[in-house]
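Asks: I need the structure of the sequence given here:
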Amino acid sequence: MTSFCNFLGKTGNGIIGALMRQKNRATKQLQNQQLQRRIKGQKALSRRRALYDYSFALLYWTLRVACLRVGVRYQVPMKFSFWRFSHTVLTTFCLLGLTAASGPESNSQGMELKIGIVQRFGDKPTAKLQLEPTKGDRLKLKFIAANKQQILFTNKPVKLETLMQALPQSAVEEVVVLGTYRTFETAEDSANKWRSQGMQVEIAQPERWQVWAKRDVYSTPLLRRLLLQNIQASTKEKVYLDTKILKQVPRVSWVVDGKRYSPNDLEISTDKNLIRVNKSEKQEFARLYAGRLNLQPNAYGTYTLVNQVPLETYLRGVLPYEIGTDAPVAALEAQAILARTYALRNLRRFAADNYQLCADTHCQVYYGLNGAAAKTDLAIASTRGKVLTYKNQLVDALYSSTTGGVTAFFSDVWNGDDRPYLRPVLDAATNFWNLSKQSLADENNFQKFINTQQGFNESKWDMFRWHKETPLKDITKDLQKFLQVKNSPDAKFKTIQAMAVVKRSQSGRILELAVKTDHSTFILHKDEVRSAFAAPKSTLFYIQPLNKGKPELWGYAFIGGGLGHGVGLSQTGAQNLAKLGWSSPKILQFYYPGTQIQILSKETKL
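Replies: Residues are numbered from 1 along each chain as shown. You can find the predicted model right below:
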């Protein structure tokens, strides 16, 4: 590869000349063909001519990652030396390995994702969304009205508004809820257990994650009630029927050229494949998205705005918001590989709502192209098509902001089988704490570990260690709300009498926290402690009762470390390792032992 690049660097002008001659021949051919095909295919011929005319400019901006996917046109300034520009582009293109000679073609090219960028539009009667074309472009609105397809064009912003429509008669909407969970991972484990018993289920996210009996299977009130009775008679699972009586439903409408429309589905596109979406009245909050948009009904009686976007373009809207644009190159490359792997492995998350991924921390943060930067674009381009695998299967590419000094097993945080490559690793460049000899499952060892602040990859990070004191009244309020959402009978308590950690994992994460109230004593498991209380930023903490000089209990201090689940890569730790000179493959091997980086292919197991 190096010799090939050197060759092009030395003979660039000769190659440029050859390409120019090829371009001239192609132009003559196009002119001859145009005489014979004046009507059909005229636009295709124009595009081919434009491709030759601007081939070198397109090469340059492909190198900067951004353009062809989103339809942005660029011109090379006329004063710029064409020959120097061409020579530089070809040479740089080789050095970055972006030519066809650089390696096998990735199977990710052309792959589109469906991202729910506004998940529950219409859950508030005053909800509004404004869709805007970019300068010089227009919106294309495609929908069905009166059983006929309609297409409207407008170069003006379109404001989607929610109107509550009264039903001619009340409607019943109900589902059998088999469980409520904080995360998709634990919900999916529960769903798999129900499936193993012969149940047909689906995973939904009306607010928290839930497992439902499949609606199109248990589709009548009788079937749902028979199912509920059978489950309650045979298991201790807290299963219930969620029934809503609807007198009105939200409908989305908008006005174009003075006429109001209100179809159930709407497809939005533009000539440039760029659309601004604004959820507020302030223009500075508008977000720019590439690709197309679909407004579609979801499983909760509201609507979801879905962005259909190419995978590699999607990553341009993820990296700046997940790890930032100032991270070292190796950390950005590691993040790009993980974000690509995570997206491809998690396409099933929102099957109940007919899209694939969300745009917040329940998936990966994706805010469109506003934050796209040359540095993050280059990290995406230099790792194009690369994914992280274990035995030729995409890994569960979990990562978090800050581990608190030690990564965790999958089962430390969620229910489900452990992954061989997700296990406790001391998050430090040097191994100064022996996790096998000084197990963090021991409470004394754990508290000593949490009170150790130096020597870790994250030591200088604000959220590496934290201490939060919370009054009992606030703890009580948060815990009651959590238990009510779970439909738990333990929610009936009035006062908390005592709390204690009763079991930890090898990585120090809380597995069981006991709560004694005036009503009952119960156990919070794993990541439930983050949902039940506001103070913890992770499950890596211990608690201390506080009296504040009074005889009765005032509250508790939550003392811990890390931000997020702590499984897999630490975004903060990866940046420190990159600053120490570690490469992206070395960083990924550190956090995911035994894995391999591969180009996505048809043989890769999703």
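Asks: and the biggest strand by length in the chain, what's its mean pLDDT?
Replies: Using DSSP state E to define each element, the chain has its longest strand at strand 158-181. Average pLDDT, strand 158-181: 93.
Asks: for it, packing partners?
Replies: strand 128-133, helix 184-196, strand 209-213, helix 221-234, strand 240-256 (3 or more Cβ pairs under 8 Å, 6 or more residues apart in numbering; DSSP states H and E). For the C-beta atoms, the positions are set from N, CA and C on the backbone; glycine is no exception.
Asks: ranking the ones you listed by burial, who's on top?
Replies: When the helices and strands packed on strand 158-181 are scored by mean count of other Cβ atoms under 10 Å, the highest mean neighbour count falls to strand 209-213 (a mean of 23).
Asks: that one vs strand 240-256, what angle?
Replies: 110 degrees (axes from the mean of the first three to the mean of the last three Cα atoms, to 10 degrees).
Asks: care to break this structure down by domain?
Replies: 2-102, 123-301 (automatic domain parsing).
Asks: which of the helices and strands packed on strand 158-181 sits closest to Lys550?
Replies: Closest to Lys550 of these is helix 184-196 (Cβ to Cβ; 38.4 Å).
Asks: wait, what's in contact with Asn392?
Replies: Residues near Asn392 by Cβ atoms under 8 Å, 6 or more residues apart in numbering: Gln598, Glu603, Thr604, Lys605.
Asks: please list only the buried members of the residues you listed.
Replies: With neighbours counted by 16 or more other Cβ atoms under 10 Å, the contacts of Asn392 contain buried members at Gln598, Thr604.
Asks: that older thread, of all the helices and strands packed on strand 158-181, which lies closest to Ser382?
Replies: Closest among these, using Cβ to Cβ: helix 184-196, at 30.2 Å.
Asks: weakest of the domains of the chain by average pLDDT?
Replies: If you rank these by mean pLDDT, domain 2-102 sits at the bottom with a mean of 39.
Asks: what count of nearby residues applies to Leu440?
Replies: Counted by other Cβ atoms under 10 Å, the residues lying close to Leu440 total 24.
Asks: correct me, but it touches Phe446?
Replies: Yes: using Cβ atoms under 8 Å, Leu440 is in contact with Phe446, at 4.8 Å.
Asks: overlap in contacts of the two?
Replies: Shared contacts of Leu440 and Phe446 (Cβ under 8 Å, 6+ apart): Arg504, Gly508.
Asks: just list whatever residues bridge to Val256.
Replies: Taking DSSP bridges as the rule, Val256 bridges to Lys259.
Asks: so how far is Pro133 from it?
Replies: 13 Å (Cβ to Cβ, to the nearest Å).
Asks: try Leu347
Replies: 29 Å.
Asks: cool, Ala441 as well?
Replies: From Ala441 to Pro133 the distance is 57 Å (Cβ to Cβ).
Asks: ok, now Leu226?
Replies: In terms of Cβ to Cβ, Leu226 sits 52 Å off from Pro133.
Asks: one more: Val118?
Replies: Val118 sits 18 Å away from Pro133, going by Cβ to Cβ.
Asks: ok, back up a step: closest to Leu274 out of the helices and strands packed on strand 158-181?
Replies: Using Cβ to Cβ, the helices and strands packed on strand 158-181 put strand 128-133 closest to Leu274, at 7.7 Å.
Asks: elements contacting that closest one?
Replies: Taking 3+ Cβ pairs under 8 Å, 6+ apart as contact, the helices and strands that strand 128-133 lies on are strand 139-145, strand 158-181, strand 274-278.
Asks: Asn278: what's it in contact with?
Replies: Leu129, Gln130, Leu131, Glu132, Phe285, Ala286, Arg287.
Asks: partner residues bridging it?
Replies: Residues in a beta bridge with Asn278, per DSSP bridges, are Gln130.
Asks: for it, give its distance to Asn370.
Replies: 11 Å.
Asks: which residues do the two both contact?
Replies: Arg287.
Asks: in this structure His467 contacts Ala557, no?
Replies: Yes: with contact defined as Cβ under 8 Å, His467 counts as touching Ala557 (6.5 Å).
Asks: neighbour count for those two, which is higher?
Replies: The neighbour comparison of His467 against Ala557 (other Cβ under 10 Å) goes to Ala557, with 15 against 12.
Asks: mind checking how far that one is from Phe456?
Replies: 22 Å.
Asks: got it, and Ser401?
Replies: Relative to Phe456, Ser401 is positioned 14 Å away (Cβ to Cβ).
Asks: kindly report the same for Lys516.
Replies: 35 Å.
Asks: how about Phe410?
Replies: 22 Å.
Asks: repeat that for Ser190.
Replies: 34 Å.
Asks: run through the strands of the stretch 251-400 of the chain in chain order.
Replies: Per DSSP state E, counting those that start in this stretch, the stretch 251-400 of the chain carries strands over the ranges 259-261, 266-270, 274-278, 287-290, 292-297, 303-310, 357-358, 386-390, 393-394, 399-400.
Asks: among those, which comes closest to Val329?
Replies: Once those are compared by Cβ to Cβ, strand 386-390 is nearest, at 14.6 Å.
Asks: partner strands of that closest one and their direction?
Replies: Here strand 386-390 has these sheet partners by DSSP bridges: strand 393-394 (antiparallel), strand 596-599 (antiparallel).
Asks: distance between the last one and the chain's centre?
Replies: Taking the mean C-alpha point of strand 596-599 and that of its whole chain, the gap between them comes to 21 Å (Cα atoms, centre = their mean, to the nearest Å).
Asks: now stretch 440-447
Replies: Stretch 440-447 sits 33 Å away from the centroid of its parent chain (Cα atoms, centre = their mean).
Asks: cool, stretch 451-468 as well?
Replies: The answer for stretch 451-468 is 26 Å, by Cα atoms, centre = their mean.
Asks: can you give me the buried ones in it?
Replies: Neighbour-count burial for stretch 451-468, with 16+ other Cβ under 10 Å as criterion, is recorded at Phe456, Asn457, Glu458, Ser459, Trp461, Met463, Phe464, Arg465, Trp466.
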